[in-house]
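**Student:** Here is my input, please return the structure:
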Amino acid sequence: MKKIYSVQVENRSGVLSKVAGLFARRSFNIDSLAVGETEDKNISCMTIVSSGDDRTLEQIEKQLNKKLDVIKIKTFEEQEAINRELMLIKVKYNKSNRKEIMETCQAMKADIVDMSKYHIMIQICDTPERTEHFVKLLSGISIVELARTGTLALSKCEM
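**Tutor:** Residues are numbered from 1 along each chain as shown. Next up is the predicted model:
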């Protein structure tokens, strides 16, 4: 089972290290971690996706609440949130696979953001499942380099 933790923390050095250390000391797994400033420059939002049984996921929330640098924690299941991940992927192309790459990009709503004589860099912003699917679609082509942000999530808007 996976759970998403949206953790507002004080924006100062060492906070990320303390939170990551908490996970390491307790042998909790981090599936995804993304950190960035909020609209308030003094507060950062850490989006942490973790998996485990109910007891483990409950322990993670309790341990995070004990941290002094933690201001607020929201937790939600994947289906209760809008999840997105940004990925840049550089692939090697040639005349025979160029059209296939472009068609795959079009079908997956990915953008070509850079191109050279032998490489194409593609950007996709979608759900983690769709970005993973995109990688599988391009796996037959020579992937040179890949970078991902990790999952960002916000709870769905209320009706």
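**Student:** What is the neighbour count of Ala20?
**Tutor:** Counted by other Cβ atoms under 10 Å, the residues lying close to Ala20 total 14. C-beta: built from backbone N, CA, C; applies to glycine.
**Student:** err, Glu145, not the other one
**Tutor:** Around Glu145 there are 10 residues (other Cβ under 10 Å).
**Student:** swap in the one 3 residues further on?
**Tutor:** Neighbour count of Arg148, defined by other Cβ under 10 Å: 17.
**Student:** my guess is it meets Thr131, correct?
**Tutor:** Yes. The pair Arg148 / Thr131 is scored as a contact, 7.0 Å apart, by Cβ atoms under 8 Å.
**Student:** who touches both of these two?
**Tutor:** The contact sets of Arg148 and Thr131 overlap at 85, 87 (Cβ atoms under 8 Å, 6 or more residues apart in numbering).
**Student:** Could you list the low-confidence segments of the protein?
**Tutor:** 159 (pLDDT under 70).
**Student:** Regarding it, what is its longest helix?
**Tutor:** What stands out as the longest helix in the chain, according to DSSP state H, is helix 54-66.
**Student:** got the buried residues for it?
**Tutor:** Buried positions in helix 54-66, judged by neighbour count with 16 or more other Cβ atoms under 10 Å: 56-57, 60, 63-64.
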